[in-house]
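Student: pasting the sequence and the predicted coordinates here, then a few questions.
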Amino acid sequence: MKKGSSIFAIFFIAMLVILLGELLVVESINCNAMELVPCAPAIIWGQLPPLDACCAKLKEQVPCLCIYFKDPMMKPYVDSPNAKKVFQACGVTIPKC
């Protein structure tokens, strides 16, 4: 096997392992937007500070946030100015998706 092919194979396997690890993390979390219902008053009406239950669920759902940002039904809520305030108040970093 050529050196270039070996490097490509190693890189490919490494990326596969990383992607599989990410998939397992997301699957172990219940990515259910209904889990974020305690955040509704803060996200929809800007009622701050958010409830403790909101922050707990938001932190639990961090691995799911990119899924929510890509969902056309969820994006208006999770990408709103109020949602950004809730993320900040709960100490949740918005992921780069």
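Tutor: That came through, no problem. Numbers count the residues shown, from 1 in each chain.
Student: for Pro38, give me its contacts.
Tutor: By CB atoms under 8 Å, 6 or more residues apart in numbering, the contact set of Pro38 is 50-51, 53-54, 57. To be clear about C-beta, it is placed using only N, CA and C from the backbone, and glycine gets the same treatment.
Student: how is this structure divided into domains?
Tutor: Domain ranges of the chain: 1-30, 31-97, per automatic domain parsing.
Student: gap between the residue nearest the centre of the chain and Glu35?
Tutor: Central residue of the chain (CA atoms, centre = their mean): Leu65, 2.2 Å from the mean position. For Leu65, the distance to Glu35 (CB to CB, to the nearest Å) stands at 12 Å.
Student: Phe69 now?
Tutor: 16 Å.
Student: where does pLDDT dip in this protein?
Tutor: Where the chain drops to pLDDT under 70, the residues are 1-28.
Student: hmm, 50 instead?
Tutor: Residues of the chain that meet the criterion pLDDT under 50 lie in 5-26.
Student: so which residues of it form helices?
Tutor: Assigned by DSSP state H, the helices in the chain fall at 3-28, 40-45, 52-60, 65-70, 75-78, 81-90.
Student: same for the fourth one, what does it pack against?
Tutor: Read it as helix 65-70. For helix 65-70, the helices and strands in contact under the criterion 3 or more CB pairs under 8 Å, 6 or more residues apart in numbering; DSSP states H and E are helix 75-78.
Student: not counting sequence-adjacent ones, nearest residue to Cys64?
Tutor: Using CB to CB, 6 or more residues apart in numbering and skipping residues adjacent in sequence, the residue nearest Cys64 is Cys31, 3.8 Å away.
Student: the one you found: neighbour count?
Tutor: Using other CB atoms under 10 Å, Cys31 is surrounded by 14 other residues.
Student: appreciated, that's everything.
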